[in-house]
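A.B. asks: I need the structure of the sequence given here:
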Amino acid sequence: MQVREILRRSCVRIDAAQANAVGQWQDLDANGQIDYSRWYGAGRLDVDAAVALVLDSSLPLADTFVRENLSDAGDVPSSGAWWASPDIWVKQDATTPIPALAWSDPTPHENARRGQDNAVFCRVRNRGAAAAPAVYVRAMLTHWAGLEFVYPDDFQPSNNVGSPLPSPLVPGTYLIGQTRIDNLAAGDDEIVKFVWPQALIPPETVVVGSATVHWHPCLLVEASPHDGPAPVGGLSVPVQGNSNVAQRNIKIVNAGDSDADLFIGMIAGTRDAAGVDALIVDATRLRGATSIRLYADDERVMRQITTGIGRAVQEQHDPGQTGRKRRGCLLSIFRLFNLARWLSKTATTGSVQHHGLDAVEIKGLRGQIEIPVRLSGGQFVPILVAVTGPGSGDLHITQRRRDGELSAGYGISRISPS
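C.D. replies: Okay, the predicted model is just below:
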């Protein structure tokens with residue numbers, strides 16, 4: 001699109017004075033300059049002028065972006081929360097009109113509702129010095145929560161556009177819709193709306209191994225062309241390195257839902273050959289919850305989680321005794337459990353039955369715990385997480401790879417059903 005725009009801009013508007021009703025020149029964007037003729041298109045190509053425009057560092061350029069959070073100004077890498085983009089939100093009423101919403105206002109996001117069409121709204125801003133001639137906005141549903149979203153792999157629809165949808169939906173990524181914004185002026189933003197059809201709403205529950213879990217999907221948005229700063233690779237959170245992509249973790253409810261403590265399923269694992277070294281549970285932003293419960297649909301991984309949490313809690317309550325028993329591996333213990341980052345001195349753990357499964361429970365966690373979980377590269381294991389009680393805020397789950405890199409992880413927001 002950038003190449004086409006440069007060619008259009010540098011073309012010679014030949015035969016500009018002719019007045020034929022079909023071939024006469026038109027000013028399509030009302031800027032006082034002729035742009036298009038049905039006879040000549042944008043005019044005669046001038047390759048020298050086009051190359052000169054490319055090499056002209058003073059040429060004003062567009063720079064469109066989608067925010068990760070309200071303080072995101074479009075720079076890369078961004079910082080702060082990334083799992084609840086304010087430029088992506090849902091309204092249960094599919095007929096809701098596009099709102100007049102100030103740039104700094106929080107979005108009126110609702111939990112999506114099953115059994116009906118919903119509306120998805122996306123916002124794009126142009127922080128560049130020139131208008132963006134055409135911006136394509138794509139909204140996608142990714143049907144399974146992974147701890148390591150990768151661009152562009154996880155932003156590609158699993159089924160071909162126009163192909164029949166599986167019924168019920170199977171794990172994958174699905175295109176909700178695509179639209180084009182024309183001539184987005186410098187400094188302006190625009191909101192677009194997609195109808196999220198009932199057929200693309202994931203089923204209420206699905207069996208993963210022996211466990212029945214609630215889906216906890218994400219909405220992914222991409223704005224093209226990628227006309228801003230070059231993406232920054234190698235980040236633990238890929239969307240923070242690309243100003244043109246964003247995500248929002250969502251919850252889908254039924255009318256009158258009261259089962260907020262059901263397990264939420266996500267996948268631990270990485271495509272990277274390094275594999276996974278540890279699972280990290282971060283309750284820093286979670287307030288008032290009764291407990292956090294975890295279950296792995298893999299016997300070996302479940303043993304690792306249960307043992308790791310138990311040792312960390314024991315170390316917290318009696319660091320001297322535990323240290324004497326394991327003096328020779330003290331450095332490894334501190335690396336694996338990161339005890340300095342426990343902000344609570346009252347955390348406890350134990351086994352508990354949760355929706356028919358033998359889960360491990362953590363009570364009183366106010367900070368972050370790192371639990372050794374060994375997975376080979378390309379090995380993926382379902383991890384089920386539940387937050388019980390009337391808590392609010394976010395629980396963040398992520399993983400540390402064996403090369404030391406952190407994955408982006410997944411944020412679970414405690415939003416009351418609408």
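A.B. asks: show me where pLDDT drops low in this structure?
C.D. replies: When residues are selected by pLDDT under 70, those of the chain lie in 1, 57, 143-149, 206-216, 255-261, 316-346, 414-418.
A.B. asks: how is it partitioned into domains?
C.D. replies: Following automatic domain parsing, one gets these domains for the chain: 1-59, 64-253, 264-414.
A.B. asks: and the helix or strand encompassing Ala223, what does it pack against?
C.D. replies: When elements are assigned from DSSP states H and E, Ala223 belongs to strand 218-224. Secondary structure elements in contact with strand 218-224, counted by 3 or more CB pairs under 8 Å, 6 or more residues apart in numbering; DSSP states H and E, are strand 88-91, strand 118-126, strand 132-142, strand 245-249. The way it works is simple: take the backbone N, C-alpha and C, and place the C-beta from them, glycine included.
A.B. asks: could you export the last one as PDB, keeping only the C-alpha atoms?
C.D. replies: It stands for strand 245-249. Provided in PDB are the C-alpha atoms of strand 245-249 (Å, rounded to 0.1, in the frame of the first residue of the first chain):
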ATOM      1  CA  VAL A 245      -1.200  -5.400  16.900                       C
ATOM      2  CA  ALA A 246      -3.000  -5.700  20.200                       C
ATOM      3  CA  GLN A 247      -5.100  -8.200  22.200                       C
ATOM      4  CA  ARG A 248      -7.900  -8.200  24.800                       C
ATOM      5  CA  ASN A 249      -8.500 -11.300  27.000                       C
END
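A.B. asks: elements contacting the helix or strand following that strand?
C.D. replies: Reading on from strand 245-249 to the C-terminus, the next helix or strand found by DSSP H and E is strand 252-253. In terms of contact count using 3+ CB pairs under 8 Å, 6+ apart, strand 252-253 is assigned the packing partners strand 112-113.
A.B. asks: what sits up against the strand it packs on?
C.D. replies: Applying CB atoms under 8 Å, 6 or more residues apart in numbering, the set of residues contacting strand 112-113 from outside is 90, 92, 118, 196, 201, 250-255, 418.
A.B. asks: tell me, how many neighbours does Leu200 end up with?
C.D. replies: Other residues near Leu200 number 18, with proximity taken as other CB atoms under 10 Å.
A.B. asks: ok, what's across the strand from Arg123?
C.D. replies: Under DSSP bridges, the beta-bridge partners of Arg123 are Ile191.
A.B. asks: mind listing what it touches?
C.D. replies: Under the criterion of CB under 8 Å, 6+ apart, the neighbours of Arg123 are 66-67, 86-88, 101, 189-192.
A.B. asks: ok, the residues you listed vs Glu299, which is closest?
C.D. replies: Proximity to Glu299 was ranked across these by CB to CB; first place goes to Ile88, at 37.6 Å.
A.B. asks: having no further points to raise, I will conclude here.
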